[in-house]
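Undergrad: Compute the structure for the input listed below.
(2 chains, ligands or ions: 1)
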Amino acid sequence: MSALRELYQEVILDHNKSPRNFRKMEDATRTVEGYNPLCGDRYTVYVKFEDDMVKDVSFEGAGCAISKASASVMSAAVKGKTKAEAEALFAVFHKLVTGEPDPTQELDTLGKLAAFSGVSEFPARVKCAILAWHTLYAAMESNEEKVSTE
Amino acid sequence: MDVEKTFDVHRIREDFPILKQVVNGKPLVYLDNAATSQKPQVVLDEMNRYYLEENSNIHRGVHFLSDKATQSYEAARKKIRNFINANDHREVIFVRGTTEGVNLVASSYARRFLKEGDEIIISAMEHHSNIVPWQMLRDEKGVKLRVIPMNDNGELLIDEYETMFTNRTKFVAIVHVSNALGTINPVKQMVNIAHRHDVPVLIDGAQAVPHMRIDVQDIDADFYTFSAHKMYGPTGVGILYGKRRLLEEMIPYQGGGDMIKSVTFEKTIYNDLPHKFEAGTPNIVGGVGFGATIDFINGIDFDAAIAHEEEVLGYATNVLSDIKRVRIIGTAREKASVLSFTIDGIHPHDIGTILDDDGIAIRTGHHCAQPVMIRFGIPATARASFAMYNTKEEVDVLAKGIHKVIEVLG
Ligand SMILES: Cc1ncc(COP(=O)(O)O)c(C=O)c1O
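TA: Got it, this is the predicted structure:
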């Protein structure tokens, strides 16, 4: 049960039950749909940029507890950050959920994102945890309107 | 009849060594049989014996081993022929599995005989393998697909099906037992309706053959295809049964060795059935293992095994129905093996992870049947699917696991 408790930490259960920034954004700069064909998780991520800053992020869609909580925590974490900062956060988060050792202790910068540390014990769930991040990344770095984890 | 007298599930479990495994510290509860079933020791032994004692290529050598291997492979074909009551062993074609069986018919029959504007009827509960090959044909030839609708229980609307035939209808392709819902379709009746309109029918029997006795002549199927790996046999081998008259008219599926009588650069003469459809070196050990699988099934009281499965499915349906927030997807009157469900407010992927923690293997997702998910307005389901070696005690473990899912995720 303990690995399972590590996976479904309070923060995750809370954000799954009441996701933050869970709404459509009419005046988004970029709208990208992220899809995991394996389990059917599907989210639309809305981002409003102001120059280089992520002014606002919201999302809509449906999926498992891990993917939904991850989108929710992400939306709160990157709001007000520059694109570069958001991308750096994604890099650290990615290390966390894939269980890569992090000699630089960057993981300390994660805040609530640290709740996803248990994911690394469940390789089948890594894609769930990073779906929203991939979608956000596409919104920042490409012109694509759809991304898929396959 | 008292099932226990003729079928002892604990005795049968001994034949499947993998079931003794411990997963995450718990005894394995394998409820993913619709994806693939486990294999009994005798099948594994026979495949090993084949490689140890007979391995060589078939249909071509004059030497001792090649002769032995050919005999084993062809003996398997005859066992399978008897098992499904085909009229002639030449009507039994070895393929990779159900998927290849459907693709073969789409390529060698439908592509040859259907023209632009012709119609193919499929159903709302097809596996992707009985949708996509027909869509590819649609895009290539401009044929049309018509889809038999189903009701909220997951039963096809047969009256509606009957009205779908026009003089453009040229083919019907339907699933016998739905892997997503468990529905047993009335295929005999549906074939009869199609035949009244002179339309041939392909039946996807992947989920039917493991759970009921199949008589292709009684059903009067024109084509019937299934996979060994879902019926206690090896992966990578399956059967396409086809009526001889149709198979003779069809063009080969692939070209190569074994499917020819003679080849010059000017002209090739194709081999006779069934070899015309079996180009190249086949999955010989798979075929031999499939033969051993048929021996295994014939060696037990299969009717009693089926009755046991029905009892376990009925029990599981009752137990899960009693859990608040559980919704069973697929409540047809006639069902086999499959129990798809959702839990209100909890995504199936999370259900799968938490059950796995207790050693319970189920499948979660769309089960290669996305149109079924769309029909029921859900992204995915959790699916328990039973085989002859599953027990009511395992159902109790599943029920306990579901309570834990609800407790963990709230
Ligand atoms: C109803 C049905 N049809 C076809 C298939 C495809 O079988 P295979 O993957 O063995 O070709 C499956 C397997 O999942 C199935 O359940």
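Undergrad: Tell me where chain A has helices.
TA: A:2-7, A:10-17, A:65-78, A:83-98, A:126-141 (DSSP state H).
Undergrad: Make a markdown table from the ones you listed and add distance to B:Phe341 to it.
TA: Every C-beta, even on glycine, is put in place using the N, C-alpha and C of the backbone. Listed next are these as a markdown table, based on distance: least, CB to CB, whole Å:
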| stretch | distance to B:Phe341 |
| --- | --- |
| helix A:2-7 | 20 |
| helix A:10-17 | 20 |
| helix A:65-78 | 17 |
| helix A:83-98 | 29 |
| helix A:126-141 | 20 |
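Undergrad: quick one, phi psi at B:Met150?
TA: phi -130, psi 160 (degrees, to the nearest 10).
Undergrad: Could you pull up the contacting residues of the residue in the stretch 51-200 of chain B that chain A sits nearest to?
TA: Closest residue of the stretch 51-200 of chain B to chain A, CB to the nearest CB: B:His128 (11.6 Å). B:His128 sits next to B:368-370 when contact means CB atoms under 8 Å, 6 or more residues apart in numbering or on different chains.
Undergrad: For the ligand, tell me which of those show up nearby.
TA: B:Cys368 (CB under 6 Å from any ligand atom).
Undergrad: Next, check the contacts of B:His128 against the helices and list the overlap.
TA: B:Gln370.
Undergrad: Closest one of the contacts of B:His128 to B:Tyr161?
TA: Distance to B:Tyr161, by CB to CB, is smallest for B:Ala369 among those, at 18.5 Å.
Undergrad: and the closest one, how many neighbours does it have?
TA: 25 (other CB atoms under 10 Å in any protein chain shown).
Undergrad: That one contacts B:Thr183, doesn't it?
TA: No - judged on CB atoms under 8 Å, B:Ala369 makes no contact with B:Thr183 at a distance of 11.3 Å.
Undergrad: Mutual contacts of the two, please.
TA: B:Met125.
Undergrad: which ones are touching the residue in chain A that chain B sits nearest to?
TA: Among all residues of chain A, A:Cys64 sits closest to chain B, at 3.8 Å; criterion: CB to the nearest CB. Contact analysis of A:Cys64 by CB under 8 Å, 6+ apart lists A:39, A:41, A:125, A:128, B:347-350.
Undergrad: and what of A:Pro19?
TA: Contact analysis of A:Pro19 by CB under 8 Å, 6+ apart lists A:59, A:68-69, A:71-72.
Undergrad: Can I get those in TSV including neighbour count, distance to chain B and pLDDT?
TA: Listed next are those as TSV, based on neighbours: other CB atoms under 10 Å in any protein chain shown; distance: CB to the nearest CB, whole Å; pLDDT from 0 to 100:
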residue	neighbour count	distance to chain B	pLDDT
A:Phe59	26	16	98
A:Lys68	26	8	97
A:Ala69	28	11	97
A:Ala71	31	13	97
A:Ser72	25	14	98
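Undergrad: Check the burial of B:Asp139 by counting its neighbours.
TA: What B:Asp139 shows, counting by other CB under 10 Å, is a neighbour count of 9.
Undergrad: Just to be sure, it is in a helix?
TA: Yes - B:Asp139 sits within a helix when classified using DSSP: H, G, I helix; E, B strand; the rest coil.
Undergrad: host element of the closest residue to B:Gln135 other than its chain neighbours?
TA: Nearest residue to B:Gln135, sequence neighbours excluded (CB to CB, 6 or more residues apart in numbering or on different chains): B:Leu145, at 6.8 Å. Following DSSP states H and E, one finds B:Leu145 within strand B:144-148.
Undergrad: mind listing what's buried in that strand?
TA: By 16 or more other CB atoms under 10 Å in any protein chain shown, the buried positions in strand B:144-148 come out as B:144, B:146, B:148.
Undergrad: Same check on stretch A:92-112?
TA: A:92-93, A:95-97, A:110, A:112.
Undergrad: same check, this time on stretch A:118-135
TA: Here stretch A:118-135 shows A:118-120, A:122, A:125-135 as buried, counting by 16+ other CB under 10 Å.
Undergrad: secondary structure class for B:Ala332?
TA: Going by three-state DSSP: B:Ala332 is coil.
Undergrad: Verify the stated contact: it with B:Leu156.
TA: No - using CB under 8 Å, B:Ala332 is not in contact with B:Leu156; the gap is 9.1 Å.
Undergrad: Show me which of these two is the more surrounded one.
TA: Using other CB under 10 Å, the more surrounded residue of B:Ala332 and B:Leu156 is B:Leu156, with 22 against 19.
Undergrad: quick one: the more buried one from the ligand, how far?
TA: Note on B:Leu156: its distance to the ligand, by CB to the nearest ligand atom, to the nearest Å, is 14 Å.
Undergrad: again with B:Lys78
TA: 22 Å.
Undergrad: Check B:Asn85 too.
TA: B:Asn85 is 21 Å from the ligand, by CB to the nearest ligand atom.
Undergrad: pLDDT at the residue in chain A positioned nearest to the ligand, what is it?
TA: Of all residues in chain A, A:Leu38 sits closest to the ligand, with a separation of 14.9 Å (CB to the nearest ligand atom). pLDDT for A:Leu38: 78.
Undergrad: Can you give the strand pairings for the lowest-mean-pLDDT helix or strand in chain A, parallel or anti for each?
TA: When the helices and strands of chain A are compared on mean pLDDT, DSSP states H and E, strand A:146-148 comes out lowest with a mean of 87. Applying DSSP bridges, strand A:146-148 is found paired with strand A:30-36 (parallel).
Undergrad: Give me the contact list for the partner strand.
TA: A:25, A:41-47, A:49, A:61, A:63, A:67, A:127-128, A:131-132, A:134-136, A:138-140, A:144-150.
Undergrad: Show me where chain B dips below the pLDDT cut-off.
TA: Flagging of chain B using pLDDT under 70 yields the residue ranges B:1-5.
Undergrad: how much space is there between the closest residue to A:Gln9 other than its chain neighbours and A:Asp14?
TA: Nearest non-adjacent residue to A:Gln9, counting by CB to CB, 6+ apart: A:Ala115, 4.6 Å away. A:Ala115 sits 9 Å away from A:Asp14 when distances are taken as CB to CB, to the nearest Å.
Undergrad: So for these two, which residue has more residues nearby?
TA: The neighbour count for A:Ala115 versus A:Asp14, taken as other CB under 10 Å, is higher for A:Ala115 (23 against 17).
Undergrad: Spit out the contact partners of the more buried one.
TA: Here A:Ala115 is in contact with A:9-12, A:69, A:73 (CB under 8 Å, 6+ apart).
Undergrad: and it, how far is that from B:His195?
TA: A:Ala115 is 61 Å from B:His195, by CB to CB.
Undergrad: re the thing from before, report the two of the contacts of A:Ala115 separated the most.
TA: A:Glu10 and A:Val73 (12.1 Å).
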